[in-house]
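Undergrad: One predicted model, sequence on top.
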Amino acid sequence: MILKKHLKSIMSVTLAVGLVLSMAVAQPNLGMAASADDETYSGKTPKYVFMFIGDGMSYPQVSSAEMYLGELSMPGQITPEQLDFTKFPVHGALMTQDSTSFIPDSASTATSLASGKKTLSGVINMDETKSIAYTPITEALKEKGYKIGIVTSVPITHATPAAYYAKVANRNDAYGIGKQLAASGFDYFGGGDFDQKTGPKGADQHIYEIVEGAGYTIANTNEEILALNNKSGKVVAIDPDDYEAALDYEIDRADGELALSDYVAKGIEVLDNSKGFFMMVEGGKIDWANHANDAAASIHDTIAFDESVEVALDFYRAHPKETLIIVTADHECGGMTIGYSLTGYSTHFDKLQPVKMSYQEFDKLVKEYQAAMPSDPMLSDLADEIEDAYGLDINNLSDYQSSMLEDAFEKAMSGEKPSDDQEKVLYGSYSPLSVTLSHIVNSSAGLSFTSYSHTGTPVPVYAMGAGSELFDGFYDNTKVYGKLSVITKLDK
Ligand SMILES: [Zn+2]
């Protein structure tokens, strides 16, 4: 009885404190102008600003890559090998919720980073009523004389890059986003292709014609891309080896295929001018790998993302007082964590080393197998492919892993979509066989995922260079815009 009474009084105090607090604390920037007012900056204005966004990259994605590299170079030493950007002197963290959910999408979160305002999931640079357009920081920087570059490993019309040059009520309007790219007047676009080339009905003018009509050169062979420089004018460099308009997963990238870092290096050459530049670089396939729960692909793409940061770091070393580099993310993806119920307190990152391809490449092998229409399909028919791709001997799995894999093979061969909750948990919307193989490798390594979607986990921010000190602390993602505008003196 006493306990109950005590509990009741604690609850009423908590309630009262909660009420006072909620009255005192303003709602976080919902539809409000970016608040640069709580920031002051009297340092040097950077002439060169790099904004790196690891899509879907929170702490687990970064740390798993560092642990993987540490295990590779110092086996058994439990020493992470730091990525270049985690060595940056300034470290902060961002809250990522949008106006729809604590679990946001890339359209709303990139809007927050680019324009300093919240909006609904799926909306790019428009308010919650989808009638008022926001102005991304790139427009103001362009007016100030900065050249603007946008680089991504996924389609150039995808949500994150689009938030730096387009305003649309629906992120799926890729053709409309492409037309806005043409009208932006920005200087360099590099990486993935346009998602929708001829409009939703396939009848409109080809997007390349519109882009070229606006004065852009489209470079889409290695030779054309490598020949670009600061005399090339406005350019769109499209990856010649793209698959579904995106760069290959880093784990699948063949020798001679351009990497994300190549598009950053080329961007620096193209944008080089006396007034400076702003370049946004998205590691978009980190997100895609985590949606598919493919930890190995996530790790390799996070390392590729770090290699693209290294290019900016080299540039920084030549212009230390005039360069700002920010590395952050839009949201977490997959609910990745380091730890798994059956491996407890141990990890075995060496189990990820034999993984030679992404789920996407393995799915192609399974399709070939199915196309040959085996009369009595058996998991053992794919034993060699599984060993080559994942380093797994199917005759040497635990009973639990074997039964999961047999079920997944059967489901994959049936071609049916997941029907009940159990199947949705096991496979999401992915091919049951490859996603189960990823799960087996992940769990052997001591990694696991809780979702095939994004999650509400905060994301890190790393910064170095002119104005970087403003990025420490824990704050809302909309604040990045305010900090950048103060540092670049957009209000002056
Ligand atoms: Zn995503």
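TA: That came in fine, so what should we check first? Because the structure is predicted, anything quoted here is derived from the model rather than measured.

Undergrad: use CA for all of it now, contacts and neighbours both
TA: Noted.

Undergrad: count of neighbours near residue 163?
TA: Using other Cα atoms under 10 Å, residue 163 has 32 neighbouring residues.

Undergrad: Tell me, what's the model's pLDDT at it?
TA: pLDDT recorded at residue 163 is 98.

Undergrad: list the contacts for residue 160?
TA: 106, 107, 110, 111, 282 (Cα atoms under 8 Å, 6 or more residues apart in numbering).

Undergrad: what does residue 370 give?
TA: If you count contacts by Cα under 8 Å, 6+ apart, residue 370 has them with residue 413.

Undergrad: how far away is it from residue 192?
TA: According to Cα to Cα, to the nearest Å, residue 370 and residue 192 sit 30 Å apart.

Undergrad: what's the answer for residue 245, then?
TA: Counting by Cα to Cα - residue 245 and residue 192 are separated by 5 Å.

Undergrad: Give me the common contacts of those two.
TA: Jointly contacting residue 245 and residue 192 under the rule Cα under 8 Å, 6+ apart are 154, 155.

Undergrad: hang on, isn't residue 205 packed against residue 196?
TA: No. Contact criterion Cα atoms under 8 Å: residue 205 and residue 196 do not qualify, at 11.0 Å.

Undergrad: So which of the two has more stuff around it?
TA: With neighbours defined as other Cα under 10 Å, residue 205 and residue 196 compare such that residue 196 has more, 21 against 11.

Undergrad: Next, that one: secondary structure please.
TA: The three-state label given to residue 196 by DSSP: H, G, I helix; E, B strand; the rest coil is coil.

Undergrad: cool, and residue 151?
TA: Per three-state DSSP, residue 151 ends up strand.

Undergrad: Could you pull up the residues touching it?
TA: So residue 151 contacts 161, 189, 190, 191, 263, 264, 279, 280, 281, 282 (Cα under 8 Å, 6+ apart).

Undergrad: Looking at the residues you listed, which one is closest to residue 333?
TA: Nearest to residue 333 out of these is residue 282 (Cα to Cα; 14.7 Å).

Undergrad: quick one: that closest one from residue 155, how far?
TA: 10 Å.

Undergrad: For stretch 334-351, which residues meet the burial criterion?
TA: Going by neighbour count (16 or more other Cα atoms under 10 Å), the buried part of stretch 334-351 is 334, 335, 336, 337, 338, 339, 340, 347, 348, 349, 350, 351.

Undergrad: Would you mind checking the average pLDDT for it?
TA: If you average the pLDDT over stretch 334-351, you get 98.

Undergrad: how long is it end to end?
TA: Between the opening and closing residues of stretch 334-351 lies a distance of 20 Å (Cα to Cα).

Undergrad: Any buried residues in stretch 423-440, and which?
TA: 424, 426-428, 430-440.

Undergrad: Which of the three states applies to residue 491?
TA: coil.

Undergrad: Verify the contact between residue 329 and residue 54 for me.
TA: Yes. When contacts are counted by Cα under 8 Å, residue 329 is listed as touching residue 54 (4.7 Å).

Undergrad: Figure out how far the host helix or strand of residue 385 is from the centre of its chain.
TA: Assessed by DSSP states H and E, residue 385 sits inside helix 383-390. Mean-position distance between helix 383-390 and its chain equals 28 Å (Cα atoms, centre = their mean, to the nearest Å).

Undergrad: Need the residues that contact that helix.
TA: 354, 355, 356, 357, 362, 365, 392, 393, 394, 437, 441.

Undergrad: Dump the C-alpha coordinates for that helix into PDB.
TA: Taking Å, rounded to 0.1, in the frame of the first residue of the first chain, the C-alpha atoms of helix 383-390 are listed here in PDB:
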ATOM      1  CA  ALA A 383      26.500 -25.600 -52.700                       C
ATOM      2  CA  ASP A 384      29.500 -24.300 -54.800                       C
ATOM      3  CA  GLU A 385      28.000 -20.900 -55.500                       C
ATOM      4  CA  ILE A 386      27.100 -20.500 -51.700                       C
ATOM      5  CA  GLU A 387      30.700 -21.500 -50.700                       C
ATOM      6  CA  ASP A 388      32.200 -19.100 -53.300                       C
ATOM      7  CA  ALA A 389      29.900 -16.100 -52.500                       C
ATOM      8  CA  TYR A 390      29.600 -16.400 -48.700                       C
END
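
Undergrad: mind listing the helices for the stretch 101-250 of the chain?
TA: 106-115, 137-143, 159-162, 174-184, 207-213, 222-226 (DSSP state H, counting those that start in this stretch).

Undergrad: Switch those helices over to TSV; also include distance to residue 294.
TA: Below are the helices of the stretch 101-250 of the chain laid out as TSV (distance: least, Cα to Cα, whole Å):
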stretch	distance to residue 294
helix 106-115	19
helix 137-143	33
helix 159-162	21
helix 174-184	26
helix 207-213	33
helix 222-226	29
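
Undergrad: which of the buried residues of stretch 423-440 lies closest to residue 231?
TA: Closest to residue 231, out of all of these and judged by Cα to Cα, is residue 430, at 44.7 Å.

Undergrad: Leaving out sequence neighbours, find the closest residue to the closest one.
TA: residue 292 (6.7 Å; Cα to Cα, 6 or more residues apart in numbering).

Undergrad: so what's residue 346 up against?
TA: Counted by Cα under 8 Å, 6+ apart, residue 346 has contacts 339, 446.

Undergrad: Name the SS class of it, please.
TA: Looking at residue 346 with three-state DSSP, the answer is coil.

Undergrad: returning to what we had before: now the contacts of helix 383-390: which count as buried?
TA: Counted by 16+ other Cα under 10 Å, these give 355, 356, 357, 362, 392, 394, 437, 441 as buried.

Undergrad: What about those, which are in strands?
TA: Using DSSP state E, no member of the buried ones among the contacts of helix 383-390 falls in strands.

Undergrad: Can you redo the residues you listed as TSV, where the extra columns are pLDDT and distance to residue 464?
TA: As requested, the buried ones among the contacts of helix 383-390 are exported to TSV (pLDDT from 0 to 100; distance: Cα to Cα, whole Å):
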residue	pLDDT	distance to residue 464
355	98	34
356	98	34
357	98	34
362	98	39
392	98	42
394	98	47
437	98	39
441	98	36
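
Undergrad: Tell me which two of these sit farthest apart.
TA: Comparing all pairs in those by Cα to Cα, the longest separation belongs to 357 and 394, at 17.3 Å.

Undergrad: Could you pull up the mean pLDDT of the one helix or strand residue 300 maps to?
TA: Residue 300 is located in helix 295-318, with elements delineated by DSSP H and E. Mean per-residue pLDDT for helix 295-318: 98.

Undergrad: and the angle from the helix or strand just after that helix to helix 295-318?
TA: Using DSSP H and E, the helix or strand that follows helix 295-318 in sequence is strand 323-329. Per axes from the mean of the first three to the mean of the last three Cα atoms, to 10 degrees, the angle that strand 323-329 makes with helix 295-318 is 170 degrees.

Undergrad: for strand 323-329, packing partners?
TA: strand 48-54, helix 295-318, strand 459-465 (3 or more Cα pairs under 8 Å, 6 or more residues apart in numbering; DSSP states H and E).
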